[in-house]
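Asker: sequence first, then the predicted structure:
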Amino acid sequence: MHGLSPEATLVMLGLSLLAAMVTALAIGRLGRPRRRSATRDDASVFLFDGEVLVDATPAARRLLDRIGGGEDSDFAALTALLSHRFPDLLPRLHRLGGSGEVRIEGLGRSGALEVAYREGLVRLTLVPPEDAGSGVDVVAFEALQDELRVLRGIAEDAPQLIWKQEADGRVTWANAAYLALADSLAPRSAGDGAWPRDCVFPELRGSAEAAPPVAATPGRRRSDKPLRLEIGARRKAPRIYEVTRFDRGGEVIHFGTDVTALAEAEQARHVFVQTLTQTFAQLSIGLAIFDRRRRLVMFNPAFHDLTGLPVAFLGSQPQVQTVLDRLRDMNMLPEPRNYASWRDQIVALEEAAASGSYRETWSLPGGRTLRVSGRPHPEGALAFLFEDISAEIALTRHFRAELETAQAVIDTLSEAVAVFSPNGQRVSCNAAYAARWGQDRGAARDVTLAQEIALWKSHAAPTNVWTDLRDFVGAFGDRAPWAEVLRLRDGRALRCELRPLPGGETMVLFTDEVAGDWDGRTLRDESAGGARGRAGGAGKH
């Protein structure tokens, strides 16, 4: 350093010292570890206004796309996910009260969550742990792991049979229910592999080409209708399974549900319906059953025979109103006086049948008579019964005509005639009887023998004949007719005669005696053995 002035020497020493200091600072800064930035490009940062997502980094958006909020907001879906790793997240958010900052440490290797409230907006930043490559990967991976554990548990514990087959028919995965069934059919020995070599259902063994055609879109069913497959177990009755199949990336996922009880119930119902159908086919009463939508769902041959409706029409499941309209067109319904009210009558008929109160007699123009009744059935169904009572009506009319003729005949008799049943009820009387004793002929069934005897006694002189008369009416077995002459209170003589009738009934006749015919003796005294002996030989009812 010869030749330099002292001033120059000092300057050179100062510059050297400054360079050394700068170098030391640079080396120290390079050697010091740098803290990871929370706002780099791959960080997960969310900006919310309330529960509405305002902005997010690409990594944050990918996380939201993975978890999928469904009907929930993005904020609700995100906080639900983060609450598993940051248990006190929601309480600490509420404590901020809309302003401030907080850092929440997560469980395990979940990193941290930085929360900042500013001007009504909330900023959530996921900070990864120091040894992790990305905070998004840790949270998302653990969420997926949780979901995977749940799904595995559901599949394993499901009572359904669930298994997966390759295109060649090999079973590559199965749940516990499937394995239990496979073991019950063919128990595995110690040397067997972990998976059944063949599917437990023979129909599904072999290559996929042997199965029904696969849908073109992955994840869709192979067939719109599930397969019903039967499988037999050792020393047990066969079981029936309903199998649904879905295509998944060249593999087929199968779901098998045990529907044995359902199949047995369907079979029992089928047999029951067949039995009912055969029974209904033998009935002479027409039967028509309408469902809750008032469509004809069942009818028997008698209904077709009685109404004459075409089988093709009945088989088309017509509505109640359509059936009744067709019956009216065929003169199979009583003609309404006011056609404008016909629809109202149909509605009233349906309502009455639904309550079980519809019962009418249809007198048809052709002289036929149908008895129609409507009855409610379970689940809103209606049943109509059609019975041809033309013969019954004709017979009733015939009997009524005979009764009217017989009544007209006894009304022409001058004797007062009354007929009593064995139990003492007055069955009928003629006009002469009603005129003599002042009786109402229309109240015949409401008058008893005791009442009539009281009436007769009030008009006659005292006599013991009433006891014998009562015993005669109530006696059973063979009875001989007998008569008695009574003396009325006005002095006239009245002949009382009793005659047995078929069925235990008794006819009582009252006839005026001609003056001078009565000598004080009774006709019973003139009879051989007397009436008492004849009536006494018979028992009482």
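Answerer: The structure has been received and is ready for your questions. Numbering: from 1, shown residues only.
Asker: going forward, measure contacts between C-alpha atoms and count neighbours the same way
Answerer: Fine.
Asker: the strands in the stretch 151-300 of the chain, which residues?
Answerer: For the stretch 151-300 of the chain, the strands defined by DSSP state E, counting those that start in this stretch cover 161-165, 171-174, 227-231, 239-248, 251-258, 286-290, 296-299.
Asker: low-confidence ranges, the stretch 351-500 of the chain, go.
Answerer: Scanning the stretch 351-500 of the chain with the threshold set as pLDDT under 70 gives 353-354, 356, 442-445.
Asker: oh, I was asking about the stretch 151-300 of the chain
Answerer: 187-197, 207-224, 233-235.
Asker: quick one: the helices in it, in order.
Answerer: 176-185, 260-282 (DSSP state H, counting those that start in this stretch).
Asker: please parse the protein into its domains.
Answerer: Using automatic domain parsing, the domain ranges for the chain come out as 44-147, 158-262, 283-388, 399-540.
Asker: nearest to R269, out of those domains?
Answerer: Within those, the stretch nearest R269 is domain 158-262; the backing value is 10.4 Å (CA to CA).
Asker: can you give me the end-to-end distance of that closest one?
Answerer: 19 Å (CA to CA, to the nearest Å).
Asker: dump the domains of the chain into JSON lines; add mean neighbour count as well.
Answerer: Shown next, in JSON lines, are the domains of the chain (neighbours: other CA atoms under 10 Å):
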{"stretch": "domain 44-147", "mean neighbour count": "16"}
{"stretch": "domain 158-262", "mean neighbour count": "16"}
{"stretch": "domain 283-388", "mean neighbour count": "16"}
{"stretch": "domain 399-540", "mean neighbour count": "16"}
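Asker: and the helix or strand where L324 lies, what does it pack against?
Answerer: In this structure, L324 sits in helix 320-329 according to DSSP states H and E. Helix 320-329 sits against no helix or strand, with contacts defined as 3 or more CA pairs under 8 Å, 6 or more residues apart in numbering; DSSP states H and E.
Asker: relative to strand 286-290, how tilted is that helix?
Answerer: 150 degrees (axes from the mean of the first three to the mean of the last three CA atoms, to 10 degrees).
Asker: hmm, who's touching helix 320-329?
Answerer: With contacts defined as CA atoms under 8 Å, 6 or more residues apart in numbering, helix 320-329 is touched by F290, R294, R295, L296, T307, L309, L333, P334, E335, I346.
Asker: and it, C-alpha only, in PDB?
Answerer: C-alpha atoms of helix 320-329 as PDB (Å, rounded to 0.1, in the frame of the first residue of the first chain):
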ATOM      1  CA  VAL A 320    -119.100 -46.200 -13.400                       C
ATOM      2  CA  GLN A 321    -120.900 -43.400 -15.200                       C
ATOM      3  CA  THR A 322    -120.000 -44.900 -18.600                       C
ATOM      4  CA  VAL A 323    -121.400 -48.300 -17.600                       C
ATOM      5  CA  LEU A 324    -124.600 -46.700 -16.300                       C
ATOM      6  CA  ASP A 325    -125.000 -44.600 -19.400                       C
ATOM      7  CA  ARG A 326    -124.600 -47.700 -21.600                       C
ATOM      8  CA  LEU A 327    -127.200 -49.500 -19.400                       C
ATOM      9  CA  ARG A 328    -129.600 -46.600 -19.900                       C
ATOM     10  CA  ASP A 329    -129.100 -46.700 -23.700                       C
END
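Asker: helices of the stretch 1-150 of the chain, residue ranges please.
Answerer: Taking DSSP H, counting those that start in this stretch as the criterion, the stretch 1-150 of the chain carries its helices at 6-31, 58-67, 74-82, 89-96, 135-157.
Asker: lowest mean pLDDT across those, which one is that?
Answerer: Between those, the one with the least mean pLDDT is helix 6-31; it has a mean of 46.
Asker: hang on, I453 packs against W466?
Answerer: Yes: using CA atoms under 8 Å, I453 is in contact with W466, at 6.8 Å.
Asker: now do the shared contacts for these two.
Answerer: By CA under 8 Å, 6+ apart, I453 and W466 have no common neighbours.
Asker: got the phi/psi numbers for the residue nearest the centre of the chain?
Answerer: Geometric centre of the chain, nearest residue: E379, 5.6 Å, by CA atoms, centre = their mean. Note on E379: its backbone torsions stand at phi 60, psi 30 [degrees, to the nearest 10].
Asker: now do the contacts for it.
Answerer: E379 touches R292, counting by CA under 8 Å, 6+ apart.
Asker: cool, and L64?
Answerer: So L64 contacts D74, L78 (CA under 8 Å, 6+ apart).
Asker: state the distance from it to E415.
Answerer: Counting by CA to CA, the gap from L64 to E415 is 113 Å.
Asker: so A116 sits right up against L96, yeah?
Answerer: No: A116 lies out of contact with L96 (CA under 8 Å); the separation is 9.0 Å.
Asker: need the strands for the stretch 301-450 of the chain, in chain order.
Answerer: 358-363, 369-376, 382-388, 416-420, 426-429.
Asker: out of these, nearest to P481?
Answerer: strand 416-420 (14.0 Å).
Asker: the closest one: how far from the chain's middle?
Answerer: Offset of strand 416-420 from its chain centre (CA atoms, centre = their mean, to the nearest Å): 61 Å.
Asker: what's that strand in contact with?
Answerer: Here strand 416-420 makes contact (CA under 8 Å, 6+ apart) with 410, 426-434, 436, 449, 473, 505-511.
Asker: and that strand, which strands flank it?
Answerer: Sheet pairing of strand 416-420 (DSSP bridges) gives strand 426-429 (antiparallel), strand 506-512 (antiparallel).
Asker: and the helices of the stretch 151-300 of the chain: which comes nearest R149?
Answerer: Comparing the helices of the stretch 151-300 of the chain by CA to CA, helix 176-185 comes nearest, at 15.5 Å.
Asker: dump the C-alpha coordinates for the closest one into PDB.
Answerer: Extracted in PDB, the C-alpha atoms of helix 176-185 (Å, rounded to 0.1, in the frame of the first residue of the first chain):
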ATOM      1  CA  ALA A 176     -70.900 -59.600   4.200                       C
ATOM      2  CA  ALA A 177     -74.500 -60.500   3.300                       C
ATOM      3  CA  TYR A 178     -73.400 -61.900   0.000                       C
ATOM      4  CA  LEU A 179     -70.500 -63.900   1.500                       C
ATOM      5  CA  ALA A 180     -72.800 -65.300   4.300                       C
ATOM      6  CA  LEU A 181     -75.200 -66.500   1.600                       C
ATOM      7  CA  ALA A 182     -72.400 -68.000  -0.500                       C
ATOM      8  CA  ASP A 183     -71.100 -69.800   2.600                       C
ATOM      9  CA  SER A 184     -74.500 -71.200   3.400                       C
ATOM     10  CA  LEU A 185     -74.700 -72.600  -0.100                       C
END
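Asker: now for it, which elements pack on it?
Answerer: Using 3+ CA pairs under 8 Å, 6+ apart: helix 176-185 touches helix 135-157, strand 161-165.
Asker: who's D247 bridged to?
Answerer: When bridges are taken as DSSP bridges, the partners of D247 come out as V252.
Asker: oh, and call the first residue 726 from now on, that's how I've got it
Answerer: Happy to do that; since the first residue is 726 now, the last one works out to D972.
Asker: from what I can see it touches E891, true?
Answerer: No: counting by CA under 8 Å, D972 sits too far from E891 to count as a contact (10.2 Å).
Asker: ends of stretch 887-906, what's the gap?
Answerer: 11 Å.
Asker: quick check: V1198 vs L1095, distance?
Answerer: Distance from V1198 to L1095, by CA to CA: 42 Å.
Asker: what do you get for L838?
Answerer: 86 Å.
Asker: in a markdown table: the contacts of helix 1045-1054, plus distance to I887.
Answerer: Compiled in a markdown table, these are given as follows (distance: CA to CA, whole Å):
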| residue | distance to I887 |
| --- | --- |
| F1015 | 42 |
| R1019 | 42 |
| R1020 | 41 |
| L1021 | 42 |
| T1032 | 55 |
| L1034 | 53 |
| L1058 | 60 |
| P1059 | 63 |
| E1060 | 65 |
| I1071 | 54 |
